[in-house]
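In: Any chance you can model this:
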Amino acid sequence: MKRFLWKAGDGGPVDEAIMQFLAGEDIVLDRELFPFDIRATAAHVRGLARIGILDEGESTRLTSLLDELLDDFADGRFVLDERFEDGHSAIEMFLTERSGDLGAKVHTGRSRNDQVAVATRLYLKDRLRQLVELDGRIAVACLQKAEQHADLPMPGYTHLQRAVPSSIGLWMGAFAEAFTDDLSLALNALEVLDCSPLGSAAGYGVNLPLDRDGVARELGFSRLQVNPMYAQNSRGKFELLALQAAAHALQDVRRLAWDLSLFTTSEFNFVVLPEACITGSSIMPNKANPDVVELLRGRAAAVEAAMVEIQSLLSLPSGYQRDLQMTKAPLLRGLAAALQALAIVPALVDGLGFRAEAMREAISVEMFATDLALEQAARGVPFRTAYLAAKRELDAVETPDAAASLAQRVSPGACGNLLLDRIRERLEQQISRAEGDLPL
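Out: Below is the predicted model:
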């Protein structure tokens, strides 16, 4: 039977159906947050010692027990199960079972809202750091592919119709720059939410001189979230910020996956996927299916659904509301789905192969019309006149030369002037920013 801290000594009846409704999935979800909650509790204990609520021996005893709990949880000796309402109550019950009244002191000056806010914030920082790393790895993989095949011709498309000659360098360079932006967005999100809510209690502070700044530094936060009501009002908002950073990256993954799903078909036959990313059909022996790419294409939906779920909960007044408990499941689900998918992409990009001859053969004569028009415009012919003339003169192009077309495309960023070095410079700056603790 569950034990509820707030019913301790009450003696009143417990309606199990209501209690189950109130607890929801917390005991399962809190397994993800439990190590962060333990870490924050230890910092809170040391903060209480600094203001004289605990003496040095009491602080040492409690932090030693918390270290033991963390080890036991990691090794499976302590399990968050149906005995507990949530991870927060499990910590306090563990401490009181082993140290009696001393354990009962641990909640001095903090609320359960404090605990969930700081544990979630530490979790968000950890997962955003993973997102930053993955965005960087994907950007590097795309940039290396662009540099290795900078001048390899391929058709360029608009409206899914052949448009102008393009190159692997341009195509993969687009994704290198996109994931550099995604890395920057993830770093910006990390910077915004890198503030400690611990010590805000239920949203109005407490009548104790808590060492909030010292606890924030100990937990690795760059600053304090000053206003205790805002610590509550930012619940859900900061979760959305992290999910939005993940969603931006997955939108680019979705576009890349769409391209790959087309370019690997027999109708295009431009790209070869790594063997690990291909599966077979259960009934058709001839099939080699790009299942990994298709699932990557769909994975953004999980993050977008999580965002919608949280957004629909946030029409709330100021202060803590129990509705906020329901942001936990979509947050954990959405970030787990995003990070799992993004972790696959670097190796996928590294392993891509290209069928150069098939791509060259797909560059047909009409794709040189824009070149013809611009060549005449460069000689002084009004562009619209040159445009109309190019429509009539395509038959005059006897041997279209894709390599020459690419070389002549010298506007900054175009095939003949890719400026991949600029993308690399900015990517390296963002990676240095991440490694240097977000210098601005």
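In: what's around the residue lying closest to G353 once chain neighbours are set aside, how many residues?
Out: Spatially, and ignoring its direct neighbours in sequence, G353 is nearest to V272 (3.7 Å; Cβ to Cβ, 6 or more residues apart in numbering). To be clear about C-beta, it is placed using only N, CA and C from the backbone, and glycine gets the same treatment. For V272, the count of nearby residues is 14 (other Cβ atoms under 10 Å).
In: Cross-check the contact I'm expecting between V272 and L352.
Out: Yes. Here V272 reaches L352: they are 7.1 Å apart, a contact under Cβ atoms under 8 Å.
In: can you map out the strands along this protein?
Out: Secondary structure of the chain (DSSP state E): strands at 153-158, 161-167, 195-196, 223-224, 271-272, 279-280, 288-289, 353-354.
In: Just put those strands in TSV and tack on mean pLDDT and distance to L374.
Out: Output for these, formatted as TSV (pLDDT from 0 to 100; distance: least, Cβ to Cβ, whole Å):
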stretch	mean pLDDT	distance to L374
strand 153-158	97	15
strand 161-167	95	10
strand 195-196	98	52
strand 223-224	97	53
strand 271-272	96	29
strand 279-280	82	45
strand 288-289	84	41
strand 353-354	98	27
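In: With distance to S315 as added columns, please give those in TSV.
Out: Shown next, in TSV, are those (distance: least, Cβ to Cβ, whole Å):
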stretch	distance to S315
strand 153-158	41
strand 161-167	44
strand 195-196	24
strand 223-224	28
strand 271-272	45
strand 279-280	43
strand 288-289	43
strand 353-354	50
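In: most neighbours per residue, which of those strands?
Out: Comparing these by mean neighbour count (mean count of other Cβ atoms under 10 Å), strand 195-196 comes out on top with a mean of 22.
In: burial count for the nearest residue to L208 once chain neighbours are set aside?
Out: Nearest-residue entry for L208: G109, 4.8 Å, with adjacent residues in sequence omitted and distances by Cβ to Cβ, 6+ apart. Counted with other Cβ under 10 Å, the neighbours of G109 add up to 22.
In: give the contact list for G100.
Out: G100 makes contact with no residue under the criterion Cβ atoms under 8 Å, 6 or more residues apart in numbering.
In: Regarding it, what are the backbone dihedral angles?
Out: When read as degrees, to the nearest 10, the backbone of G100 gives phi 60, psi -130.
In: Please report the distance of it from R61.
Out: 11 Å (Cβ to Cβ, to the nearest Å).
In: now swap in Y204 and tell me
Out: 30 Å.
In: Kindly report the same for E82.
Out: In terms of Cβ to Cβ, E82 sits 29 Å off from R61.
In: neighbour-wise, which of the two wins?
Out: R61 (18 against 12).
In: who are the neighbours in contact with the more buried one?
Out: 99, 102.
In: Likewise for S318?
Out: With contact set as Cβ under 8 Å, 6+ apart, S318 has these partners: 229, 232-233.
In: and with 7 Å instead?
Out: 229, 233 (Cβ atoms under 7 Å, 6 or more residues apart in numbering).
In: Next: the one 5 residues further on.
Out: By Cβ under 7 Å, 6+ apart, the residues touching D323 are 313, 316.
In: wait, isn't A358 in contact with F270?
Out: Yes. In terms of Cβ atoms under 7 Å, A358 counts as a neighbour of F270; the distance is 5.8 Å.
In: With neighbour numbers in mind, choose between the two.
Out: Between A358 and F270, F270 has the larger neighbour count (other Cβ under 10 Å), namely 22 against 14.
In: Tell me the pLDDT of the closest residue to that one other than its chain neighbours.
Out: Once flanking residues are discounted, F270 sits nearest to F263: 4.2 Å by Cβ to Cβ, 6+ apart. Looking at F263, its pLDDT is 97.
In: Can you tell me how far F263 is from L406?
Out: Counting by Cβ to Cβ - F263 and L406 are separated by 18 Å.
In: ditto for A249
Out: In terms of Cβ to Cβ, A249 sits 29 Å off from L406.
In: again with K125
Out: The spacing between K125 and L406, counted by Cβ to Cβ, is 44 Å.
In: Neighbour count: those two, which is higher?
Out: Counting neighbours by other Cβ under 10 Å for K125 and for L406 shows that L406 has the greater number, 24 against 19.
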